[in-house]
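Undergrad: for reference, the sequence and a predicted model appear below.
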Amino acid sequence: VTVEPAPPAKLAELAPLLPARLEATPEDIERGLAKLVLTVIELLRQVLEHQAVRRMDGGGLSDAEVERLGLALLRLEEKLGEIRGAFGLEREDLNIDLGPLGRLL
Amino acid sequence: MGLHPYCLVPPGCPPPGNGIAGARVTALDGPELVAWASGHDAPPPATPENLRSHDRVVRAALDAGVTPVPFRFGQWHADAADLVAGIVARAQHWQQLLQRLAGSAEMGVRLRLAAAPAVDPPPAPSPTNGEGPGRRYLERRSRELHAAAARASAHQEVLELLAGALSGCVLQTRAEAVPDGAGHLGLAHLVHRAQVSTYGESLADLRRRRPDLDLLVTGPWPPYSFAE
């Protein structure tokens, strides 16, 4: 598998979406990194959730698929809440500005 | 002793006497601009009293007829050299910002829709299997997403209405949903100070035409929302 590096223009588009600051003091580095990683995961979780809801509302999923997807997303949300708690982060700490799409949370 | 910065102003604008905890506010010269700051043994905590003192110093510039570039509360520099070096590193940015904000002030509008926006109902749940926690979760999220979409659509309509009503006296707008669960929308308008009364009259006229809109207007403020 070959992974091509993202062109600078794409990185420039991505950069404003991420937290403006990473806490990089020795005491806070773990929390700062956790915040960054959890923000990205939360963004992906919401994309998946929107897609699942859209497909459910559109009748494109069987009952079993709705249950399985819903359960997976529910568990993911619970697990993310646990990890946030372990790092002393609130849900609002993962908020980012998505430009014309508004804010993540 | 470190420094708590308040704002940047053009050269020639004298600082007010005292700032946070009564500390003397001093003017530190940068390239074609001046920083107002006061010395403290440790970063001042964000207490209501200190926040008011910070705003009072920033507002003193506005009261003197100068629009400052305000710093958010909570910045801290080890000494004067550190503060000036930080400004010099982005001197062109700060000079352009001072120029862009010159003669303006910030007005705030907190807007609440008197009636909850109509929500397109999500499709009815499947009658065959509506009991599992997975389905219940997705159906709850579906309802929440539909309500959020309806709210965003209603906000957009009001934003366009406000833009029309205030055209000509607003230089720049920032809008953000207020995370209070009540569907409030917070707006910051950059207004030329000579136009502040026209701005107020335009909003009063809008209130008369649209009594269903609950508008709370505050200001003029230093342009905190436009300083970055």
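TA: Yep, that arrived.
Undergrad: quick one: which helix or strand includes the residue of chain B found nearest chain A?
TA: Nearest residue of chain B to chain A: residue B:134, at 3.0 Å (C-beta to the nearest C-beta). Backbone N, C-alpha and C define where each C-beta goes, glycine included. Taking DSSP states H and E as the definition, residue B:134 sits inside helix B:133-165.
Undergrad: grab the nearest non-local neighbour of residue 53.
TA: Unless you meant another one, I'm taking chain A. Nearest non-adjacent residue to residue A:53, counting by C-beta to C-beta, 6 or more residues apart in numbering or on different chains: residue B:142, 4.7 Å away.
Undergrad: my question was about chain B, not that one.
TA: Once chain neighbours are set aside, the closest to residue B:53 by C-beta to C-beta, 6+ apart is residue B:20, at 4.5 Å.
Undergrad: check contacts around the residue in chain A that chain B sits nearest to.
TA: Residue nearest to chain B within chain A (C-beta to the nearest C-beta): residue A:70, separated by 3.0 Å. By C-beta atoms under 8 Å, 6 or more residues apart in numbering or on different chains, the contact list for residue A:70 reads A:52, B:132-138.
Undergrad: let me see the ranges of the strands in chain B.
TA: B:2-9, B:25-30, B:33-40, B:69-70, B:104-113, B:170-177, B:185-192, B:213-221 (DSSP state E).
Undergrad: got the CA coordinates for the fifth one in PDB?
TA: As requested, C-alpha coordinates have been extracted for strand B:104-113 and formatted as PDB (Å, rounded to 0.1, in the frame of the first residue of the first chain):
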ATOM      1  CA  SER B 104     -15.600  51.100  14.900                       C
ATOM      2  CA  ALA B 105     -17.200  49.400  17.900                       C
ATOM      3  CA  GLU B 106     -18.800  46.100  18.500                       C
ATOM      4  CA  MET B 107     -22.600  45.700  19.000                       C
ATOM      5  CA  GLY B 108     -24.000  42.400  20.400                       C
ATOM      6  CA  VAL B 109     -27.400  40.900  19.600                       C
ATOM      7  CA  ARG B 110     -28.800  37.900  21.500                       C
ATOM      8  CA  LEU B 111     -31.700  36.600  19.400                       C
ATOM      9  CA  ARG B 112     -34.300  34.100  20.500                       C
ATOM     10  CA  LEU B 113     -37.000  32.800  18.200                       C
END
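Undergrad: so that strand, near chain A or not?
TA: No: against chain A, strand B:104-113 shows no contacts by C-beta under 8 Å from any C-beta of the partner chain, the least distance being 15.7 Å.
Undergrad: residues in contact with that strand: which ones?
TA: B:62, B:67, B:151, B:154-155, B:158, B:162, B:171, B:178, B:182-193, B:196, B:199, B:203, B:212-226.
Undergrad: show me how to select, in ChimeraX, the buried members of the residues you listed.
TA: Command for ChimeraX, covering only those of those found buried under the criterion 16 or more other C-beta atoms under 10 Å in any protein chain shown:
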select /B:62,67,151,154,155,158,162,183,184,185,186,187,188,189,190,191,192,196,199,203,213,215,217,219,220,221,222,223,224,225,226
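Undergrad: now chain A, which segments are flagged as low pLDDT?
TA: A:1-27, A:96-105 (pLDDT under 70).
Undergrad: so which bits of chain A are right by chain B?
TA: Within chain A, the positions near chain B by C-beta under 8 Å from any C-beta are A:49-50, A:52-53, A:56-57, A:59, A:63, A:66-74, A:92, A:102-103, A:105.
Undergrad: thinking again about what came up before, now do the buried residues in the helix or strand hosting the residue of chain A closest to chain B.
TA: Residue A:70 belongs to helix A:63-86 when assigned by DSSP H and E. Neighbour counts using 16+ other C-beta under 10 Å place A:66-67, A:69-71, A:73-74, A:76, A:80, A:84 of helix A:63-86 among the buried residues.
Undergrad: for stretch B:21-32, same thing?
TA: Applying 16+ other C-beta under 10 Å to stretch B:21-32 flags B:23, B:25, B:28, B:30 as buried.
Undergrad: low-confidence ranges in chain B?
TA: Using pLDDT under 70, the flagged stretches of chain B are B:113-130, B:177-183.
Undergrad: wait, doesn't residue A:84 sit right on residue A:77?
TA: No: using C-beta atoms under 8 Å, residue A:84 makes no contact with residue A:77, being 10.5 Å away.
Undergrad: overlap of the contact sets of these two?
TA: The contact sets of residue A:84 and residue A:77 do not overlap (C-beta under 8 Å, 6+ apart).
Undergrad: any idea which helix is longest in chain A?
TA: helix A:29-57 (DSSP state H).
Undergrad: which helices and strands does that helix pack with?
TA: helix A:63-86, helix B:133-165 (3 or more C-beta pairs under 8 Å, 6 or more residues apart in numbering or on different chains; DSSP states H and E).
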